[in-house]
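Peer 1: I would like the atomic coordinates for the input below:
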Amino acid sequence: MSDARHTPPPGGATVEPGLHLVSVPIGAARDVTLRALDLLAGADVLAAEDTRSLRRLLEIHGIALGDRPLVAYHEHSPPAARARLAAALAGGRSVAYASEAGTPLVADPGFRLGAEARAAGAVVRAAPGASAVLAALVVAGLPTDRFLFAGFLPPKRAARRAALAELGGVRATLVLYESPKRVGAMLADAAEVLGPREAAVCRELTKRFEEVARGTLAELSARYGAEAARGEIVVVIDRGAAAEPGEGEVEAALAEAMDRMSVKSAVKEVSERTGMARKQVYEMALRMKDRTDDDDDREA
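Peer 2: The predicted model follows:
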């Protein structure tokens, strides 16, 4: 928590009219950004997935709501709530929207609000900040060069297994949200469908009881099948082993690449794309070039 009241920037700059999607902490209140506090202090209208959470954040950082509207906007909100915010935007007012925690629109009901604001011609801005997805990637210890955020999997077992099978071919680290009540069952299904992959269960990130458990999917399944998990959970799963590309697949990629660039550049691109050794791809390219030259000679 913070004991200091937030001091707005000098000059009392007003907030630009439009919709401002404000990231808020996922745990530690001091993870909020100064820009987020400026927007929350200066916007004409505040909107929140959870108004109690936002009121608490304002209180911690010494920001007065005053007589400004605070509109609840979540997945169960009536159409009138979105209409009220749309009317404020149409009237040239600034609206700051905050998720219950983290970044708006990421597994969050703010997507439709943002889409309709843009369609109506309103300015839409983002104030970046805390994100459970990125925090989990940082601490999980798995590759971060390419990742896919897949949100929450279906709660029913058959649908969940089908979704996991679809994700199985993705050549990227997988990031999932999961309910503590279902995490054991989800990990068991993932172990069966995805095979022996490394994974991490990240719980209560940035909070007092933060925990990161690492192991294979089977090991984590056994752990969370035997003990009840609590709190907000992000599951990070390593990518699967790449299937060896067939010679025909590599030749097709080389033929396409050599139409666009030099042999050297084509070999480099295809080697990186398929994971095949560059020397092996180069030898294949030379064979293909020799065949092409022979065909040209016969036609001549």
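Peer 1: any idea how far the closest residue in space to Ala48 that isn't next to it in sequence lies from Val263?
Peer 2: Once flanking residues are discounted, Ala48 sits nearest to Leu54: 3.9 Å by CB to CB, 6 or more residues apart in numbering. Backbone N, C-alpha and C define where each C-beta goes, glycine included. Counting by CB to CB, to the nearest Å, the separation of Leu54 from Val263 is 59 Å.
Peer 1: Among the two, which residue is more densely surrounded?
Peer 2: Higher neighbour count among Leu54 and Val263: Leu54, with 25 against 15, using other CB atoms under 10 Å.
Peer 1: can you list contacts of stretch 253-265?
Peer 2: With CB atoms under 8 Å, 6 or more residues apart in numbering as the test, stretch 253-265 has contacts from 266-267, 269-270, 273-274, 281-282, 284-286, 288-289.
Peer 1: What about those, which one has the most neighbours?
Peer 2: Among those, the one with the most neighbours (other CB under 10 Å) is Val270, at 27 neighbours.
Peer 1: correct me, but that one touches Val281?
Peer 2: Yes: here Val270 reaches Val281: they are 5.3 Å apart, a contact under CB atoms under 8 Å.
Peer 1: so what sits against both of these two?
Peer 2: Applying CB under 8 Å, 6+ apart, one finds that Val270 and Val281 are jointly contacted by Val250, Leu254.
Peer 1: ok, the residue nearest to Ala48 to Asp189 distance?
Peer 2: 36 Å.
Peer 1: now swap in Arg291 and tell me
Peer 2: Distance of Arg291 to Asp189, given as CB to CB: 48 Å.
Peer 1: Equivalent analysis for Val95, please.
Peer 2: The spacing between Val95 and Asp189, counted by CB to CB, is 41 Å.
Peer 1: Please say which of the two ends up with more neighbours.
Peer 2: For Val95 versus Asp189, neighbours defined as other CB under 10 Å are more numerous around Val95 (28 against 21).
Peer 1: Check which helix or strand the residue nearest to Ala48 maps to.
Peer 2: Assigned by DSSP states H and E, Leu54 belongs to helix 51-60.
Peer 1: could you point out which element follows that helix?
Peer 2: Once the chain leaves helix 51-60, the next helix or strand it forms, by DSSP H and E, is strand 70-72.
Peer 1: partners of that following strand, with directions?
Peer 2: With DSSP bridges as the test, strand 70-72 is paired with strand 45-48 (parallel).
Peer 1: what's in contact with the partner strand?
Peer 2: Looking at what lies outside strand 45-48 - CB under 8 Å, 6+ apart - the contacts are 40, 54, 65, 68-73, 85, 88, 93-100, 113.
Peer 1: Measure how far that strand is from the centre of its chain, please.
Peer 2: Centre-to-centre, strand 45-48 and its host chain are 23 Å apart (CA atoms, centre = their mean, to the nearest Å).
Peer 1: Quick check: mean pLDDT of that strand?
Peer 2: For strand 45-48, the mean pLDDT works out to 97.
Peer 1: Likewise for stretch 82-93?
Peer 2: Summarised as a single mean, pLDDT over stretch 82-93 is 96.
Peer 1: and that stretch, which residues are buried?
Peer 2: For stretch 82-93, the neighbour count (16 or more other CB atoms under 10 Å) marks Arg82, Arg84, Leu85, Ala86, Ala88, Leu89, Arg93 as buried.
Peer 1: Surely the fifth one is in contact with Arg82?
Peer 2: No: in terms of CB under 8 Å, Ala88 does not count as a neighbour of Arg82; the distance is 10.8 Å.
Peer 1: and for these two, which residues touch both?
Peer 2: Residues touching both Ala88 and Arg82 (CB under 8 Å, 6+ apart): none.
Peer 1: Give me the domain ranges for this protein.
Peer 2: Following automatic domain parsing, one finds the domains of the chain at 18-130, 133-237, 247-293.
Peer 1: right, so of the ones you listed, which gets closest to Thr7?
Peer 2: Closest to Thr7 of the domains of the chain, according to CB to CB: domain 18-130, at 8.8 Å.
Peer 1: and the closest one, how far out from the chain's middle?
Peer 2: Remark: domain 18-130 is offset 19 Å from the chain centroid, using CA atoms, centre = their mean.
Peer 1: Over to that domain now: how far is its first residue from its last?
Peer 2: Using CA to CA, to the nearest Å, the end-to-end distance of domain 18-130 comes out at 22 Å.
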